[in-house]
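**Q** give the three-dimensional model of this entry:
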Amino acid sequence: MRKPWQFEEPLCRDIPGAPEIFIDETSENKPLAKAICARCAHQVECAEYGIKVEVMGVWGGLTTRERSDIAKRHKVQREPLLIMPAVYKRPQRKQVDDE
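**A** Predicted coordinates:
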């Protein structure tokens, strides 16, 4: 199973505010995250990954609770990651020279 950061051009990669939009499932972010996922070519593959591995956030358009319900209903053996990899490259901080 591929991991979402291995997908070719996922829509979420170029969204301003990502990955916070997908991790923080507040009422403000959830509809936006779901709408982005609904247009992505990798939605099903990402949802499958999320159901098996992720314990928080929106993955493939499914919330934490939706994925958990699906996993329980279908008796999916979950394999949660202990450390979330850096999906997006963050800008590096400039070093300030002490003068």
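**Q** CA only for contacts and neighbour counts going forward, please
**A** Will do.
**Q** state the helix or strand in which the closest residue to L62 other than its chain neighbours lies.
**A** The spatial neighbour of L62 that comes closest, neighbours along the chain excluded (Cα to Cα, 6 or more residues apart in numbering), is A47 at 6.6 Å. Secondary structure here is read from DSSP states H and E; on that basis A47 sits in helix 43-52.
**Q** which parts of the helix or strand that that helix is followed by are buried?
**A** Reading on from helix 43-52 to the C-terminus, the next helix or strand found by DSSP H and E is helix 64-73. Applying a neighbour-count criterion of 16 or more other Cα atoms under 10 Å, the buried positions in helix 64-73 are T64, R67, S68, A71.
**Q** check contacts around the spatially most central residue of the chain.
**A** In the chain, the centroid-proximal residue (Cα atoms, centre = their mean) is W59; its distance is 4.6 Å. Residues in contact with W59, defined by Cα atoms under 8 Å, 6 or more residues apart in numbering, are F22, C37, Q43, C46, A47, Y49, G50.
**Q** rewinding a little: I'd assumed G57 was in contact with the residue nearest to L62.
**A** No. Counting by Cα atoms under 8 Å, no contact exists between A47 and G57, whose distance comes to 11.1 Å.
**Q** just to revisit the earlier point, how much space between the residue nearest to L62 and T64?
**A** 11 Å (Cα to Cα, to the nearest Å).
**Q** ditto for D14
**A** If you measure D14 against T64 using Cα to Cα, the figure is 22 Å.
**Q** with R78 instead?
**A** On the measure of Cα to Cα, R78 and T64 end up 13 Å apart.
**Q** now do C40
**A** Applying Cα to Cα, the value for C40 to T64 is 19 Å.
**Q** do the same with L11
**A** Applying Cα to Cα, one obtains 20 Å for the distance of L11 from T64.
**Q** what does I36 give?
**A** 16 Å.
**Q** next one: A18
**A** Note on A18: its distance to T64, by Cα to Cα, is 17 Å.
**Q** likewise for K52?
**A** With the distance defined as Cα to Cα, K52 ends up 11 Å from T64.
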